[in-house]
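Participant: Below are the sequence and a predicted model for it; my questions follow.
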Amino acid sequence: MKFLILGGTIFLGRHLVDAALASGHTVTLFNRGQHNADLYPNVEKLRGNRDGDLNALKGRRWDAVIDTCGYVPRVVKASAEFLANSVDHYTFISSISVFADFSKPDMDESAPVGKLKDESVEQITGETYGPLKALCEQAAERAMPGRMLNVRPGLIVGPHDPSDRFTYWPARIAQGGEVLAPGQPEYLVQIIDGRDLAQWTLKMVEQKKIGIYNATGPEYTLTLGTVLEGCKAVSKSDARFVWVDEKFLLESKVTPWTEIPLWVPQEKDNAGFSAVNCQKAITAGLKFRPIAETIRDTLAWNTTRPSNTERRSGLKPEKEKELLQNWQKRSKP
């Protein structure tokens, strides 16, 4: 097949390109060339800007397009409409963040999505990200009715993840010593290795599947304690976990999800945050590699990054130390 990938050089896009090339497909990338421009020297690269400069796509034809970087409905609409007569199948990589209400566990694809009071808003924030993704889904479906695959991943993890929202844990635990852990070991976690997501998405496109699929994992109940212990086992570190009360963390102005990745306060409004129903995708062939493999490969990739790389997520060492000291003082009788 001939694939057009919008993006293709950052994280999931890279894994999609790798999977497509490994399967013998022909790949064309369309992006601005601002990130990892030297990747894939033997792959055709078309330069442009989805927000107003799609000319490089004119007059071309592909079997399928995979949109890895759509965040603004207006831009997704323009891309999908421009390509409507140039491709047979359109895949939009969305997010489970589209859901309006995470208070109930086991939400499937039919759960209501979030809405914006002003749908002209284009600024991406924690509050607008999900509703904007939902509007992007709708824009793509309108442009290509009956030809669209809508994939809603949860937290994508593994090698090449620039967000550090998972990488923080294997890297920090490998350093050993006392490690601040949030809340309780039983806290539920849903993640998906980017390579698993890419391989499954590619197979779905090959089969010309359409419709909406929640796509996170694994297929069993995963807890934060299991993830952290897995990081310790893989790195063979002497890490000692100090489980710190959520109330204390919030009082200390610690930001969930970013300063402490994988942690969202266990409030009733978040009961379904890490309990999304992905059975439809699993039935359609979505498979998950062992968590130990993801941890191992993430650690190996992390060692290739420059030592001065600024981490986008995770506690700064000095703040973690201060929090642990304050917690231990507070916990003493």
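Facilitator: That came in fine, so what should we check first? Residues are numbered from 1 along each chain as shown.
Participant: any weak-confidence spans in the chain?
Facilitator: Where the chain drops to pLDDT under 70, the residues are 331-333.
Participant: element containing residue 321, please.
Facilitator: Element membership for residue 321, per DSSP states H and E: helix 317-331.
Participant: next one: that helix to chain centre, how far?
Facilitator: On the basis of CA atoms, centre = their mean, to the nearest Å, helix 317-331 sits 30 Å off its chain's mean C-alpha point.
Participant: what's it packed up against?
Facilitator: Here helix 317-331 touches strand 178-182, strand 240-244, helix 246-251, going by 3 or more CB pairs under 8 Å, 6 or more residues apart in numbering; DSSP states H and E. C-beta: built from backbone N, CA, C; applies to glycine.
Participant: Going along the chain, name the helices of the stretch 1-150 of the chain.
Facilitator: Applying DSSP state H, counting those that start in this stretch to the stretch 1-150 of the chain gives helices spanning 12-22, 73-83, 129-143.
Participant: And the stretch 201-333 of the chain, by the same measure?
Facilitator: For the stretch 201-333 of the chain, the helices defined by DSSP H, counting those that start in this stretch cover 224-235, 246-251, 279-283, 291-302, 317-331.
Participant: Flag every buried residue along the longest one.
Facilitator: Burial within helix 317-331, assessed by neighbour count using 16 or more other CB atoms under 10 Å, is assigned to 320, 323-324, 327.
Participant: Make CSV from those residues and add distance to residue 6 to it.
Facilitator: What follows is the buried residues of helix 317-331, written out as CSV (distance: CB to CB, whole Å):
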residue, distance to residue 6
320, 38
323, 41
324, 44
327, 45
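Participant: Now the two most distant members of the residues you listed.
Facilitator: Across the buried residues of helix 317-331, no pair lies farther apart than 320 and 327, at 10.5 Å, counting by CB to CB.
Participant: which residues do these two both contact?
Facilitator: Common contact partners of residue 320 and residue 327 (CB atoms under 8 Å, 6 or more residues apart in numbering): residue 180.
Participant: who wins for proximity to residue 250 among the helices of the stretch 1-150 of the chain?
Facilitator: Between residue 250 and the helices of the stretch 1-150 of the chain, the shortest gap by CB to CB is with helix 129-143, which sits at 21.6 Å.
Participant: what's that closest one in contact with?
Facilitator: 67, 70-74, 76-77, 80-81, 84, 90, 92, 94-95, 97-100, 113-116, 119, 121-122, 124, 148, 150, 212.
Participant: ok, 7 Å please
Facilitator: 70-73, 76-77, 80-81, 84, 90, 92, 94-95, 97-99, 113-116, 119, 124, 148, 150 (CB atoms under 7 Å, 6 or more residues apart in numbering).
Participant: Give the buried subset of those residues as a PyMOL selection command.
Facilitator: Selection of buried members from the contacts of helix 129-143 for PyMOL, criterion 16+ other CB under 10 Å:
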select buried, resi 70+72+73+76+77+80+90+92+94+95+97+98+99+113+114+148+150
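Participant: on that earlier part again, please convert the helices of the stretch 1-150 of the chain to TSV, extending it with distance to residue 106.
Facilitator: Output for those, formatted as TSV (distance: least, CB to CB, whole Å):
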stretch	distance to residue 106
helix 12-22	25
helix 73-83	28
helix 129-143	18
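Participant: Which one of these lies nearest to residue 300?
Facilitator: Closest to residue 300 of the helices of the stretch 1-150 of the chain is helix 12-22 (CB to CB; 15.4 Å).
Participant: How about residues contacting the closest one?
Facilitator: For helix 12-22, contacts defined as CB under 7 Å, 6+ apart pick out 3, 5, 7-8, 27, 40, 43, 66, 68, 93, 156, 160, 194-195, 197-199, 201-202.
Participant: Give me the number of neighbouring residues for residue 215.
Facilitator: Residue 215 has 28 neighbouring residues, counting by other CB atoms under 10 Å.
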